[in-house]
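Colleague: Could you look at this predicted model? Sequence included:
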Amino acid sequence: MTAPDKTPAPALRLEGIVKTFPGVRALDDVSFEVRHGEVHALLGENGAGKSTLMKVLAGMYQPDEGRIFIEERPVTMRSPLEAKARGVVLIHQELSLAEEMSVAENIYLGELPRRSFGRVDWKTLYANAQAILDRLKCGFGPKDRVGSLSIANRQMVEIARALTVDAKAVVFDEPTASLTDAEKVVLFDIINDLKARGVGIVYISHRMDEIFTLADRISVLRDGAHRGTLIAAETDEDEVIQLMIGRKLDLSRHEREAANLGAVALRVEGLSCGSLFEDVSFEVSEGEVLGFYGLVGAGRTEIAETLFGLRQPTAGSIRIGDETVSVTSPADAIARGISLVPESRKEQGLVLGMNCRDNITLPQVGDLTSGPFVSDGAEVAIFDQYRDLLKIKTPSWRQAVGNLSGGNQQKIVIGKWLAMRPRILIVDEPTRGIDVGSKSEIHALIRDLAKSGYAVIVISSEMPEVLHVSDRIVAMYHGRITRTFDVDEVTEDNLVAAISGIGQDKVA
Amino acid sequence: MAQTRLESARMPGAEDPAGRRGEKGGGMAGKRLKAVTGVLARQGILVAFALFLIGFALGSDRFLSADNIFSVIRASAIIGVMALGVTVVVIGGNLDLSVGSMLSFSTVLVVDLHDKIGPGPAILVTVLATLCLGAVNGVLVGVARLNSLIVTLGMLSAIQGLTLIYSGGKNVDIANPDGTWFSLFGRGYIADIPTPIVIFGLAAIVLHVAMAYTPFGRRIYATGGNPTAAVFSGIRRSRVVFSTYLISAFTVAIAAVILGSRVMGSQNNVGQGYELQVLAGVILGGTSLLGGSGTIWKTVIGVLILGFIQNGLLLLGFQYYVQWLVTWVVIILAVWLDIAAKRGRLLSPIA
């Protein structure tokens, strides 16, 4: 491939793409292009149509209207295989590798080199795979089993796969979601290398810093429509965010109203659960937001699950109000006024095939009865109330939750648990994988809940989030609480130190 | 304000309205086609039912006679009642393949006990014994969380053995079929309607209402749709699954009473193969084997379709075993069309 000249031709161009799903116009007359040797970032809130556009690019969806050009030749792509054959490769957010097979087999899956009688030519396979891995400077070999690799290295395998064809355009979908900083640097090198070879890169991400590091141009989608394309060097974060959400984003911290606290709602003393977490003590009062911050695996989710009756503690006590309790099951926890918005909305929070209303009322459906039957009116009333409160966007309550965007799905889960009117609300990663606009709405909501007297526990892996919503912050490291901060005494340094086990000045 | 520095609010290449209008025209026709396939996808089972009825009615003048229709529904009632229970199990996310041999067991039991302890106690004991078998399924699948396919396949075999041990391999019968009120269930009429049809209808209504309109039904749908989310919502999953197997066993007991009363005797293997017919009715009714979706009344339709197809083929002069082949083809087509409607095309590289 030759280096791009001054006015490079588009490697890939979409024109007037329309794609509708039942009740949703996912893409509305979207036009978009990526030139040879360019990184073109694609941004938008969840539900803006990024994923759909990407699937159209990769041949997984057929557009209802509109045309696709590769190097200005009109093409149709009926399957991912066809798209790949034409030089359009997608690097998935959710990896699609055969874990039990070797790295080399995965790279050449579906097109393994052959010898006579259809036997696999292992020698060529491994040699070719090694050459690609060398080019990517990977620290693993072609014979390694993919299942034994880290997530970052698996992503490298996906990228290696893309390099086996003469790629004209490569689409990266949230590639850094599970990478460490060091791994990110390697990935960016590879992207810049691809760019230098004249490949057109479509880069989808929520992370502004990455986008401004990498992108030449930035296109923004909102509500299924293309809202504009900006030149990265001539714009800034604020402008992009404003284009994404269609209004100004409130980034200010919440007003701290000191000492507006009610009684202690929950007091945990010396709680342990095997080796998952040990000797954990904290309390949270009505009207207070207690943040739990720490690395993944520090034991935060496990504490929440224990409070919610999903795990049984091996030591310690839980007091709710004035009463020492043992929470034996989620039903028991619910009866005691505890609600848990779980970490994974799709696996733990929602029945995706069920409609919005039934998901929201599920934990209390046994109480919404007239005679032996579920009261339709009572259910719809609850749905309407929380749809309005949380600004859930859905055509009707009959819509299956699986058809909603990530942010709206998360609001359904939150609504489901608010509708229980709990004393203590635990939210685990409340804004994971959702867009900036929904994020700030959910943050505001958490503050409002505290103000109206809920005791709220927020577990988060995002520092700005815990800082933004919490009154006090519990830092955890390896299953233990290393320090409890008042939010005013937190600095980035002492918080990071506390969750990394540095300078263990324990305050329990 | 952002607009001022927009490099291109609309991308190049939009200056081709004629070509685009052409595309839109194609889109309209496509939409109409989509509407048609949409209706087919949602109500395909009814459309297929109507087509079969019309086809058979044209081929045989006896097919649509009231006598024939009643006799088909009556003959379908036994499989139908069991299919209702199995639908509940399947919506809850599990399978029940043990219903066929459970039917053998319960029928042998009720017939054998009839002459020993009288019809009333015989029915009572049979219902309780069958519920016990269902409870075994329920404990193994619901509480011990074993795979339902393996558990109920094992129970299929185990119950067959239990039946033979109980009967010593001998067939059983009722000595005086004309002198017992037990004949009401299989041979009698209530308000001029054959009793099996009345029982099937009542059971369908009760279970439909329970599944569609009660918290209990809602919990079954949730458990089948996403067991983890159900647990996180405070639903006691083991209890829900356990109760679905009790319901299934109870419908088997009802079916056994109808069957025993109809035949006034029983072979040890009378229910052999019924599990597949039952499952066929459930699948034809559009209940997903993955759990979480399906409706009771569509199972009724599914069972009736099976019944009418089998009856129609006989009336058209085909041999009895042809119906096995046709039944299979119908089931495969039903499943295929269902999936095709969901993914929008017949064949797909990805599921």
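Modeller: Perfect, thanks for sending it.

Colleague: Let me know how buried B:G286 is, in neighbour terms.
Modeller: Number of residues near B:G286 (other C-beta atoms under 10 Å in any protein chain shown) recorded here: 21. Where C-beta positions appear, they are placed from N, C-alpha and C, glycine not excepted.

Colleague: any idea how far it is from chain A?
Modeller: Plainly put, B:G286 is 13 Å away from chain A if you go by C-beta to the nearest C-beta, to the nearest Å.

Colleague: Nearest spatial neighbour of that residue, chain-adjacent residues omitted?
Modeller: Leaving aside its sequence neighbours, B:G286 sits nearest to B:K298 (C-beta to C-beta, 6 or more residues apart in numbering or on different chains; 5.2 Å).

Colleague: Just the CA atoms of the helix or strand containing that neighbour, as PDB, please.
Modeller: B:K298 is part of helix B:296-315, with elements assigned from DSSP states H and E. Coordinates of the C-alpha atoms in helix B:296-315 are reproduced here as PDB (Å, rounded to 0.1, in the frame of the first residue of the first chain):
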ATOM      1  CA  ILE B 296     -50.500 -21.600  27.200                       C
ATOM      2  CA  TRP B 297     -53.200 -21.000  24.600                       C
ATOM      3  CA  LYS B 298     -50.800 -21.300  21.700                       C
ATOM      4  CA  THR B 299     -49.800 -24.700  23.000                       C
ATOM      5  CA  VAL B 300     -53.500 -25.600  22.800                       C
ATOM      6  CA  ILE B 301     -53.400 -24.600  19.100                       C
ATOM      7  CA  GLY B 302     -50.200 -26.500  18.600                       C
ATOM      8  CA  VAL B 303     -51.700 -29.700  20.000                       C
ATOM      9  CA  LEU B 304     -54.800 -29.300  17.900                       C
ATOM     10  CA  ILE B 305     -52.700 -28.800  14.800                       C
ATOM     11  CA  LEU B 306     -50.900 -32.100  15.500                       C
ATOM     12  CA  GLY B 307     -54.300 -33.800  16.100                       C
ATOM     13  CA  PHE B 308     -55.900 -32.500  13.000                       C
ATOM     14  CA  ILE B 309     -52.900 -33.200  10.800                       C
ATOM     15  CA  GLN B 310     -52.800 -36.800  12.000                       C
ATOM     16  CA  ASN B 311     -56.600 -37.200  11.600                       C
ATOM     17  CA  GLY B 312     -56.600 -35.500   8.200                       C
ATOM     18  CA  LEU B 313     -53.900 -37.800   6.900                       C
ATOM     19  CA  LEU B 314     -55.900 -40.900   8.000                       C
ATOM     20  CA  LEU B 315     -59.000 -39.600   6.400                       C
END
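
Colleague: list the buried ones in the helix or strand encompassing B:Q323?
Modeller: Here B:Q323, judged by DSSP H and E, is contained in helix B:322-343. Applying a neighbour-count criterion of 16 or more other C-beta atoms under 10 Å in any protein chain shown, one finds B:Q323, B:T327, B:V330, B:I331, B:A334, B:L337, B:D338, B:A340, B:A341 buried in helix B:322-343.

Colleague: cool, stretch A:369-387 as well?
Modeller: By neighbour count, and taking 16+ other C-beta under 10 Å as the criterion, the buried residues in stretch A:369-387 are A:V374, A:S375, A:A378, A:E379, A:I382, A:F383, A:Y386, A:R387.

Colleague: model confidence over that stretch, on average?
Modeller: Mean pLDDT, computed over stretch A:369-387, is 90.

Colleague: Tell me the secondary structure at the nearest residue to A:S219 once chain neighbours are set aside.
Modeller: Spatially, and ignoring its direct neighbours in sequence, A:S219 is nearest to A:T229 (4.5 Å; C-beta to C-beta, 6+ apart). Under the three-state scheme (DSSP: H, G, I helix; E, B strand; the rest coil), the conformation of A:T229 reads as strand.

Colleague: Report the separation between A:T229 and A:S102.
Modeller: In this view, A:T229 and A:S102 are 41 Å apart by C-beta to C-beta, to the nearest Å.

Colleague: neighbour count winner among the two?
Modeller: Counting neighbours by other C-beta under 10 Å for A:T229 and for A:S102 shows that A:T229 has the greater number, 22 against 19.

Colleague: Next to chain B, which bits of the stretch 101-250 of chain A? Give me the list.
Modeller: Taking C-beta under 8 Å from any C-beta of the partner chain, the part of the stretch 101-250 of chain A that reaches chain B is made up of A:R217, A:H226, A:G228, A:T229, A:L230, A:I231, A:E234, A:T235, A:E239, A:Q242, A:L243.

Colleague: okay, A:I132: pLDDT?
Modeller: On pLDDT, A:I132 comes in at 86.

Colleague: that older thread, what's the most distant pair in the residues of the stretch 101-250 of chain A next to chain B?
Modeller: Comparing every pair within those by C-beta to C-beta identifies A:H226 and A:E234 as the most remote, at 18.5 Å.

Colleague: the more surrounded of these two?
Modeller: The residue with more neighbours, out of A:H226 and A:E234, is A:H226; 26 against 9, by other C-beta under 10 Å.

Colleague: which neighbours does the helix or strand that one falls within have in its sheet, and in what orientation?
Modeller: Under the assignment given by DSSP H and E, the secondary-structure element containing A:H226 is strand A:225-231. Strand A:225-231 has the following sheet partners, assigned by DSSP bridges: strand A:217-222 (antiparallel).

Colleague: For the partner strand, list every residue counted as buried.
Modeller: Of the residues in strand A:217-222, those scored as buried under the neighbour-count criterion (16+ other C-beta under 10 Å) are A:R217, A:I218, A:S219, A:V220, A:L221, A:R222.

Colleague: Look up which residues are beta-bridged to A:V458.
Modeller: Each beta-bridge partner of A:V458 is listed here: A:G291, A:V427, as defined by DSSP bridges.

Colleague: give me every residue that touches it.
Modeller: Taking C-beta atoms under 8 Å, 6 or more residues apart in numbering or on different chains as the contact definition, A:V458 lies against A:V289, A:L290, A:G291, A:F292, A:V427, A:P430, A:I446, A:E465, A:V466, A:V469, A:S470.

Colleague: I'd guessed the residue nearest to A:S219 sits against A:D216; true?
Modeller: No: with contact defined as C-beta atoms under 8 Å, A:T229 and A:D216 do not form a contacting pair (10.6 Å).
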